[in-house]
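Student: build me a model from this:
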Amino acid sequence: MEVEIFKMTNPKPKCKDCLYYKHIYSDTGWCYRYPPSVYSNGEGDFRSTLPVTESKDWCGEFKKSINEESVIDDKS
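Tutor: Next up, the predicted model:
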């Protein structure tokens, strides 16, 4: 079994290049890979949120965005 080793010439994929990433401000964006997490604020109210990542972050579920294709609808 051959193992691919990442070198400086083969950098890890970054969130900013991922199909599931949506830029929101500065160097930050939302990850739409999974549904939002729901949590309680401790006062009986519930909120939901998507993971917030920096554009240079990465994970093991990266999917290359092709031709600026996105799963995110910017019209809403």
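Student: give me the mean pLDDT for stretch 38-47.
Tutor: Mean pLDDT, stretch 38-47: 89.
Student: okay, how far is it across it, tip to tip?
Tutor: Taking CA to CA, to the nearest Å, stretch 38-47 runs 6 Å from one end to the other.
Student: and the most centrally placed residue in the chain, bridged to which residues?
Tutor: Centroid-nearest residue in the chain, with CA atoms, centre = their mean: Cys31, separated by 3.1 Å. Beta bridges link Cys31 to Tyr21 when assigned by DSSP bridges.
Student: residues in contact with it?
Tutor: Listed by CB atoms under 8 Å, 6 or more residues apart in numbering, the contact set of Cys31 reads 15, 18, 20-21, 50-53, 59. C-betas here are computed from N, CA, C, even on glycine.
Student: check what pLDDT the nearest residue to Pro51 once chain neighbours are set aside gets.
Tutor: Among residues not flanking Pro51 along the chain, Cys31 sits closest, at 4.4 Å (CB to CB, 6 or more residues apart in numbering). What the model reports as pLDDT for Cys31 is 95.
Student: separation between Cys31 and Ile24?
Tutor: Here the criterion is CB to CB, to the nearest Å. By it, Cys31 lies 11 Å from Ile24.
Student: any residues in contact with both of the two?
Tutor: Joint contacts of Cys31 and Ile24 (CB under 8 Å, 6+ apart) are Val52.
Student: for the helix or strand hosting Arg47, which strands pair with it and how are they oriented?
Tutor: Assigned by DSSP states H and E, Arg47 belongs to strand 46-49. When pairing is defined by DSSP bridges, strand 46-49 lines up against strand 37-40 (antiparallel).
Student: how near is Tyr34 to Gly44?
Tutor: 26 Å.
Student: between these two, which has more neighbouring residues?
Tutor: Tyr34 (10 against 6; other CB atoms under 10 Å).
Student: how much space separates the more buried one from Leu50?
Tutor: Distance from Tyr34 to Leu50, by CB to CB: 8 Å.
Student: enumerate every residue touching Val52.
Tutor: Shown in contact with Val52 (CB under 8 Å, 6+ apart): 24, 28-31.
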